[in-house]
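Chemist: Build me a model:
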Amino acid sequence: MINVPAGVWIDEEGNIVRPAETAYSKGARVMGQKIGDDRYAQGLKDWVKNGKKSKWVLSKDKLKKRLALKSPKQQQAAAQFRLGVFFHNKKDKAQAQKHWIAAQKLHPENWNYHRQAWSYQGAGGQMKWFQKVQKLAGKPYYEPLDAPKPGDKKEPEKKARPKTGAKKKRSF
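Modeler: Down below sits the predicted model:
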């Protein structure tokens, strides 16, 4: 999860039907950036009403793509970030910063890695955050919500053909 608000939809059987994503209930403007709208709340209401038939429930293919393993470089960045947290908890600020900076270099698009390091730099950290936001130049701060378009219908799931295990004999 990137930041709050964030949401994950898990059905009654314990299956993820929408992975972690930004979950605003309405739109806002923060430092010139338009953040969020009311579509997520509308989608949540639709899912509560329609369950699996909701057009907001992602197809297995889309879900698989969104839940895919991260690249080796991104996995290494995550490990560096966790090492930074470990050293921060041990009160070793220098080692924490070293690992957080390594995480940022390995995965510069991940805002968590930057914000975590900056949060311990006082006003200097806030200025770095503000400068990074300005460099977005209109690009969204959060990943845009993967929302169905008006009029979209629920994608039918592709059903796998059952495997019988028996081989057909061929006659020539």
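
Chemist: burial of Trp129, as a residue count?
Modeler: 17 (other C-beta atoms under 10 Å). C-beta: built from backbone N, CA, C; applies to glycine.

Chemist: Can I take it that it is in a helix?
Modeler: Yes: assessed by DSSP: H, G, I helix; E, B strand; the rest coil, Trp129 belongs to a helix.

Chemist: Leaving out the residues flanking it, which one is nearest to it?
Modeler: In this structure, Trp129 finds its nearest non-sequential neighbour in Trp118, 5.5 Å apart by C-beta to C-beta, 6 or more residues apart in numbering.

Chemist: mind listing what the one you found touches?
Modeler: 124-126, 128-129 (C-beta atoms under 8 Å, 6 or more residues apart in numbering).

Chemist: Just the closest of those to Trp111, please.
Modeler: Proximity of the contacts of Trp118 to Trp111 (C-beta to C-beta) peaks at Trp129, which lies at 8.7 Å.

Chemist: rewinding a little: in ChimeraX, select just the buried ones from the contacts of Trp118.
Modeler: To isolate the buried ones among these in ChimeraX, judged by 16 or more other C-beta atoms under 10 Å, type:
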select :125,129
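
Chemist: can I get the contacts of Trp118 in TSV with pLDDT and distance to Ser54?
Modeler: Converted to TSV, those look like this (pLDDT from 0 to 100; distance: C-beta to C-beta, whole Å):
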residue	pLDDT	distance to Ser54
Gly124	77	45
Gly125	77	40
Gln126	77	40
Lys128	82	40
Trp129	78	36
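
Chemist: which regions of the chain sit below the pLDDT cut-off?
Modeler: 1-3, 31, 33, 122, 151, 155-172 (pLDDT under 70).

Chemist: what does the longest helix that the chain contains rub up against?
Modeler: Using DSSP state H, we find that the single longest helix of the chain is helix 72-89. For helix 72-89, contacts defined as C-beta under 8 Å, 6+ apart pick out 69-70, 93, 95-100, 102-104, 106-107, 110, 112-113, 116-117, 120.

Chemist: Helices - which of these land there?
Modeler: Short answer: those in helices (DSSP H) are 93, 95-100, 102-104, 106, 112-113, 116-117.

Chemist: Which among those count as buried?
Modeler: So, by 16+ other C-beta under 10 Å, the buried ones in these are 96-97, 99-100, 102-104, 106, 112-113, 116-117.

Chemist: What separation is there between Trp9 and Leu83?
Modeler: 32 Å (C-beta to C-beta, to the nearest Å).

Chemist: Same check on Gln121?
Modeler: 19 Å.

Chemist: do Ala103 as well
Modeler: Ala103 is 8 Å from Leu83, by C-beta to C-beta.
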